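In: this one's structure only:
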């Protein structure tokens, strides 16, 4: 028995003694193995891999100047440069960037606060309701929890904020009725938002919050062709802000700088987090427009909230270096090309399997959904087999395997991931019997 006292409070019951040593590109090195990672650090954050010399150099250069200076009082020129870079070459034409803090959850709450402050600034303080969708995740701070739908966070429902409502997820694979066309389902999905607005009262609703593609909980489900255009029209009709969550699918991961650019829609807010600085530093931000700023500043003279590490100087330096790499036409074209290749390869190799349901996504945010008995345990089995037998890290949860690999991955590395995963999938599914299922140790994925 190990009598050594542990001082670290882990999220889960932790029995792994494997130590991380370093990361290089898409590979992770521990005291036991070298892994190839299809998850960008298990949470989709490290979208340019590890040990990128350009990004490291930018962080060190900033560190030699100053690690951080308050967002409100002094000019850090990298903030303006990063804002310009992030907002350039995008279809939505939003022209203001507000750095928030370190996490996407903070950016979610900040978007809601800005939305409400705007309505207050034009004399409509009763517009305090926010509508979101089931099967979404927007963060684990109080307001983000309330507009999200992650089951383990229901523990905190007793102190959820008031004035929150949800409509159904937009998922054509799960929600389209038998005999219903794509256009009919799309129209029904949009109408559900309008019905909820009318039920609450348009004069009471501040904004609608939604992930551009249904993200990690559902597994990278793109919207139907004109869904966001329909949602945008409804929001404009009732003077409600459209707030887009691109913490998961933003800044180049979909093959466009903003995932919503695929849909040719101009929202009022887009909030971002984990992809902004590619995991090299924590930083989050909101894209919005000059009208929002002008109305708020005219009434209040200031944004009425801030955070300690807002626009953190090291984080913004990393962000600028990352976005200089990503915000490039040929780079983004390669992301689209590799995404198409990944989906087509998985479909070609696994389409005949009884366990294969579909593969979907945009750019290099993709998921493969499987169908079998005990899907949760199947995900655990896939994860363990891939790691132990093939030195491959995957995110297999609930009903899907999510491929969120680094978006600068080369074809050789992508082929290695695909080859190892396909072998894993075929091996686990071929042995999926009641006897083997009973041997799998259940564990939480949240």
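Out: Great, that's in hand. All values derive from a computational prediction rather than experimental measurement.
In: quick one: contacts for residue 425?
Out: With contacts defined as C-beta atoms under 8 Å, 6 or more residues apart in numbering, residue 425 is in contact with 350, 353, 355, 370, 382, 401. For glycine as for every other residue, the C-beta is placed from the backbone atoms N, C-alpha and C.
In: same thing with residue 228?
Out: With C-beta under 8 Å, 6+ apart, residue 228 has these contacts: 212, 260, 263, 265.
In: hmm, try it at 6 Å
Out: Residues in contact with residue 228 (C-beta atoms under 6 Å, 6 or more residues apart in numbering) are 263, 265.
In: look up phi and psi at it.
Out: phi -70, psi -30 (degrees, to the nearest 10).
In: quickly list the domain ranges of this structure.
Out: 20-52+328-437, 57-326 (automatic domain parsing).
In: and of the contacts of residue 425, the nearest to residue 142?
Out: Nearest to residue 142 out of the contacts of residue 425 is residue 401 (C-beta to C-beta; 31.3 Å).
In: wouldn't that closest one be in contact with residue 370 here?
Out: No: using C-beta atoms under 6 Å, residue 401 is not in contact with residue 370; the gap is 7.3 Å.
In: hang on, the earlier thing: can I get the domains of the chain in JSON lines including mean pLDDT and distance to residue 13?
Out: Shown next, in JSON lines, are these (pLDDT from 0 to 100; distance: least, C-beta to C-beta, whole Å):
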{"stretch": "domain 20-52+328-437", "mean pLDDT": "96", "distance to residue 13": "15"}
{"stretch": "domain 57-326", "mean pLDDT": "96", "distance to residue 13": "14"}
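In: format those as CSV; extra columns: distance to residue 8.
Out: Converted to CSV, those look like this (distance: least, C-beta to C-beta, whole Å):
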stretch, distance to residue 8
domain 20-52+328-437, 14
domain 57-326, 19
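In: which of those sits closest to residue 12?
Out: Closest to residue 12 of those, according to C-beta to C-beta: domain 57-326, at 11.2 Å.
In: mind checking the end-to-end distance for the closest one?
Out: 17 Å (C-alpha to C-alpha, to the nearest Å).
In: with stretch 222-242 instead?
Out: 17 Å.
In: report the buried residues of it.
Out: Going by neighbour count (16 or more other C-beta atoms under 10 Å), the buried part of stretch 222-242 is 222-224, 226-228, 230-232, 234-235, 238, 240-242.
In: show me what the longest helix seen in the chain is packed against.
Out: In the chain, taking DSSP state H as the definition, the longest helix is helix 329-350. Using 3 or more C-beta pairs under 6 Å, 6 or more residues apart in numbering; DSSP states H and E, the elements in contact with helix 329-350 are strand 356-362, strand 365-370, helix 411-430.
In: how about JSON lines for these, with distance to residue 313 added?
Out: Formatted as JSON lines, the helices and strands packed on helix 329-350 follow (distance: least, C-beta to C-beta, whole Å):
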{"stretch": "strand 356-362", "distance to residue 313": "32"}
{"stretch": "strand 365-370", "distance to residue 313": "29"}
{"stretch": "helix 411-430", "distance to residue 313": "33"}
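In: out of those, which is closest to residue 44?
Out: Per C-beta to C-beta, nearest to residue 44 of those: strand 365-370, 7.7 Å.
In: strand partners (parallel or antiparallel) of the closest one?
Out: strand 356-362 (antiparallel), strand 400-403 (antiparallel) (DSSP bridges).
In: quick one: that strand to chain centroid distance?
Out: Distance of strand 365-370 from its chain centroid, counting by C-alpha atoms, centre = their mean, to the nearest Å, is 14 Å.
In: with stretch 93-104 instead?
Out: 15 Å.
In: next one: stretch 41-48
Out: Using C-alpha atoms, centre = their mean, the offset of stretch 41-48 from its chain centre is 10 Å.
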